[in-house]
Each structure stands twice: as C-alpha cells, then as structure tokens.
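In: Model the following, please.
(one chain, ligands or ions: 2)
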Amino acid sequence: MKLYNTLTRKKEEFIPLQEGKVSMYVCGPTVYNLIHIGNARPMIVFDTARRYMEYKGYQVNYVSNFTDVDDKIIAKANQEGVSAEEISARYIEECKKDMEAMNVRPATVHPQATHEIQGMIDMIRTLIEKGYAYNVDGTVYFRTRKFAEYGKLSHKNLDDLRSGGRSLLVTGEDQKEDPLDFVLWKPKKEGEPSWPSPWSDGRPGWHIECSVMAKKYLGDEIDIHAGGEDLIFPHHENEIAQSECCNGVPFARYWLHNAFLNIDNRKMSKSLGNFFTVREIGEKYDLQVLRFFMLSAHYRSPLNFSAEIMESSKNALERILTAVDTLKGLEASAGQGELSEGEKARLEEMKAFRRKFEEAMDDDLNTADAIAAVFELVKFANTEASSRGSRAFAGAIKKEILELTEILGLKAERREEVLDEDIEKLIRERQEARKARDFARADAIRDELLSKGILLEDTREGVKWKRA
Ligand code: AMP
Ligand code: ZN
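Out: Residues are numbered from 1 along each chain as shown. Ligands and ions are numbered 1, 2, ... in the order given. Got it, this is the predicted structure:
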C-alpha cells in the first residue's frame, strides 16, 4: 500500500515499524463549539484509512486527541459564565455524537490535553535539560535554532520566515531568542485555568500536547501522523522538533494531510456566513450522505461543498441502497436456490471490482476510484441479478456490495423504518433495566436503538429520543 508522505513529498510504500501493526495519531478538534463540516473531513478520511488498514489485516492503534485547553474555550467559558471544563466536556460529548452519526468509529484512545499535564511538564523539563528550551520569566520557549532539521516537514525557507517573523513579533514575545521560537509553557492570566509547574502557574502550549499524547499512547516513534493541511506549519513542524529533541529518535514515519473543504468555492468562515456544523447538515441529510460526499474526492484534493453536490451525493448513495434492496428481494424470492455453473463463472468475473477497489485504496487511499469500483459492481448487480437467477447468486452480489461499502464506513443496507411506539416500548424496557441495575441490558437497548438510527439522551426531564 502506498501513502503520500508530506515529509518526503513522495508516494511511498507503507512499511510499519512492527509487522502487522500500525500506530496512528490524528490531531483532533479544539472543543469549544459543535464541530463543523471542515473538521469532519479528517475524521472521515482517516477513519476510512484505519478501516482499510484493518481490512488488510493490520492491528491499528488509533489515537486522536481532544484539545480541551485553549484561548477559544476560555473565551466561550467566560462568555457563558461557566468553567472551561464544562465547555470542553459539553462539546466532547456533542462531537462524539456527530462522529457516531457519521459512522466514524471511536479511536482506540481519545486523550484529553488537561489530563496529561504531568507528561507535558516532564517533556518540557527534558527539553530544557538538553538545551532545546529556555525559560524567560515563567514562559518556556523551544529553541528552534538548536534543531538543525527544523523546517523539514513544511519545506519552508526558514530565513524568509525569520525575517517575516521579526516584523510580526508581538509585544510580550520580544523576549524570544528567535522569531521562530514557540511557546511550550505560558504563565496564567487572570481567570484562566492553570496548573503548577517549575516555571510558573500556567498552561501548556498547543504543540506540546500532541507530542506528549502521541508518546504516551503510541511510543517515541510512530507509523502515521495525520491531520488537516493547515496543521503542517507550525503545529506538526513543532511537534517534530519537540518529540525528536526529547526522544532522540525520528517521530512519525509517514505524515498524511487532508486538503481543505470549501463552501461554494470559498473558504469556510463564520464572517462570510458560509459556515455549517455537522449537526446542521444532519438535520437535512442522513450523515452517511456527508460521509459519501467526503469520500467521493481524493483526500489530498480540495473539496467544494454545495447544496447541489449534497443532492447528487444523496442520489448516488441511493443507487447503492436500491441495488442492495433489490438483491435482498431477489434473495427472498428467486426460484432457484443454488448457483448455476454460469453464475459461478459470473461471480469469478465479479472479483475484478474488488481488485479495482483495492488497487485504488492501495494507491494513497484513492476513495474516489474505490467508489467508482463500487458503482461498477452496482451496475453488474443491476444487469446480472434477476428473478431467473438463484437466491445464492443475488446473496453473493449483495454480500460483495456490503463488504466493500463497509470498508468505506458506508452502510448500504437501508435502515428499517422504526415506529414511534416501538421506540417508546424499548425506552420503557431500558428504564426498567436501569432500575433493576441491569446496565448491560440497558446499554444493549441503547445500542439497538442507535443501530436503528435513534439517539437517546438522558436529560433532567427524563429520556428523550431523536432520529440521527
Ligand atoms: P481545529 O479544531 O481547528 O484544531 O481542527 C481540527 C481538525 O480539522 C484539524 O485536523 C484541521 O486541520 C481540520 N480542519 C479544520 N478546518 C478544515 C477544513 N475547512 N477542511 C478540512 N479540514 C479542516
Ligand atoms: Zn496535534
């Protein structure tokens, strides 16, 4: 399998550090609001990468953080008059709901920055001891000039950056030895959350969080590090500097970056008013449609979101669901049971679509071509399967469609329509199970409802439900 590596600017054969295993770190969202559809792009594409690697037999250790201490979180907390912790806890919960509705599987671990402060203090201390960091009045900076390889990921001209940076130096940062030096630890300001450290009561810089969480949950050297392309510089460049100077080994072997999602060919921004949360899209569409739309382009190509493209994505996905419906019907009703010799031969030919699918995915996760292979399979289904054929034949084609779409995280089986009264009945059963402290049963009912597209929410006024 080949992956495009931002570090080398080449497509490279993927060779994991340990045979059969993949360690992968994906930078997660800063949680101060509902996630927007731009944030959903890395979630969906790297979840699909994970699924495909698992399909190929790798055991994937997938770590994705929540940045839960940040200026924007603090600002929102002050605005609402609640703690920063309350804000981040709320939006982590909401983010997990959106992920579930987009069929993005939970990571092996979702670490939170504020739970890892000690690790950050330890790493900063090591960097100071090794001469890679310095403390000025309680603020600790990374000494970029000391790391000869600084800039290797973003391939930037450091001299240009330095001269640009000099004019950009903000007041308060003029204590830095070099314009490119960045903050590892900063002293608290009034009303901000803080932790004690050898340098000041304060909080970590953003970049050190990911270096520490990757080290703790995956090790000093990892296979894949991923995120949106805006993170290449300075975030990932700085992560490399911190991790490699602290640990003394190369940090990540493959750096993967998704391109940006635009809206109506413009950068998504709140001020332009062209800004959508995943939740808003979910009110209009099954979020599978959003997932399908994201995967219909290569992850390194810019992608444009528009109302029309969502409609065409919906229709395209519908064609797959309809083919599966038809095959299901044939499976139940076809006259013959067993495969005929002719059908066996046709099923051999059908294998070509899976080969195409794998070839596309092996070529730097080309989901666009993989989806094209699924549509060839759908066309095959529509022309080959009929009531004159056998049940086994319809069943085999259906299974093939379901397996390939599952790798993309798409559910090609139409959800059964659930009636309100059935939902209410299950909710009552769950309440009884909870009263009887049978939490396993209660959770099973919650999951059953979720698989039918019903989200439960335990509120102060009791249980509420809605369609996901
Ligand atoms: P943030 O919460 O801004 O740190 O972003 C979380 C993740 O979403 C990062 O990997 C970003 O690169 C990614 N991201 C943010 N906006 C977009 C966008 N418009 N298109 C694609 N990815 C984005
Ligand atoms: Zn990060």
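
In: What residues does the stretch 201-350 of the chain have near ligand 1?
Out: For the stretch 201-350 of the chain, the residues in contact with ligand 1 (CB under 6 Å from any ligand atom) are 227-228, 230-231, 258, 260-261, 268. In short, each C-beta sits where N, CA and C put it, glycine included.

In: Select from the residues you listed the one having the most neighbours.
Out: Per-residue neighbour counts (other CB atoms under 10 Å) across those peak at N258, which has 27 neighbours.

In: tell me the helices in the stretch 351-468 of the chain, going along the chain?
Out: Counting by DSSP state H, counting those that start in this stretch, the stretch 351-468 of the chain has helices at residues 367-384, 391-407, 420-435, 439-451.

In: In a markdown table: these, plus distance to T322 and mean neighbour count.
Out: Formatted as a markdown table, the helices of the stretch 351-468 of the chain follow (distance: least, CB to CB, whole Å; neighbours: other CB atoms under 10 Å):
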| stretch | distance to T322 | mean neighbour count |
| --- | --- | --- |
| helix 367-384 | 9 | 18 |
| helix 391-407 | 11 | 20 |
| helix 420-435 | 25 | 14 |
| helix 439-451 | 21 | 14 |
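
In: So which of the ones you listed is nearest ligand 2?
Out: helix 367-384 (23.3 Å; CB to the ion).

In: Averaged pLDDT, the closest one. What do you get?
Out: Mean per-residue pLDDT for helix 367-384: 98.

In: Just want the angle from it to helix 391-407.
Out: 170 degrees (axes from the mean of the first three to the mean of the last three CA atoms, to 10 degrees).

In: could I have helix 367-384 exported to PDB, CA atoms only?
Out: Presented in PDB, the C-alpha positions along helix 367-384 are these (Å, rounded to 0.1, in the frame of the first residue of the first chain):
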ATOM      1  CA  THR A 367     -11.500   6.600  -2.300                       C
ATOM      2  CA  ALA A 368     -12.900   8.400  -5.400                       C
ATOM      3  CA  ASP A 369     -11.700   5.500  -7.600                       C
ATOM      4  CA  ALA A 370     -12.700   3.000  -4.900                       C
ATOM      5  CA  ILE A 371     -16.300   4.400  -5.100                       C
ATOM      6  CA  ALA A 372     -16.200   4.200  -8.900                       C
ATOM      7  CA  ALA A 373     -15.400   0.400  -8.500                       C
ATOM      8  CA  VAL A 374     -18.400   0.100  -6.200                       C
ATOM      9  CA  PHE A 375     -20.600   1.600  -8.900                       C
ATOM     10  CA  GLU A 376     -19.300  -0.800 -11.400                       C
ATOM     11  CA  LEU A 377     -20.300  -3.500  -9.100                       C
ATOM     12  CA  VAL A 378     -23.700  -2.000  -8.700                       C
ATOM     13  CA  LYS A 379     -24.100  -1.900 -12.400                       C
ATOM     14  CA  PHE A 380     -23.100  -5.500 -12.600                       C
ATOM     15  CA  ALA A 381     -25.800  -6.300  -9.900                       C
ATOM     16  CA  ASN A 382     -28.400  -4.400 -11.800                       C
ATOM     17  CA  THR A 383     -27.700  -6.200 -15.100                       C
ATOM     18  CA  GLU A 384     -26.900  -9.700 -13.900                       C
END
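
In: Good, wrapping up.
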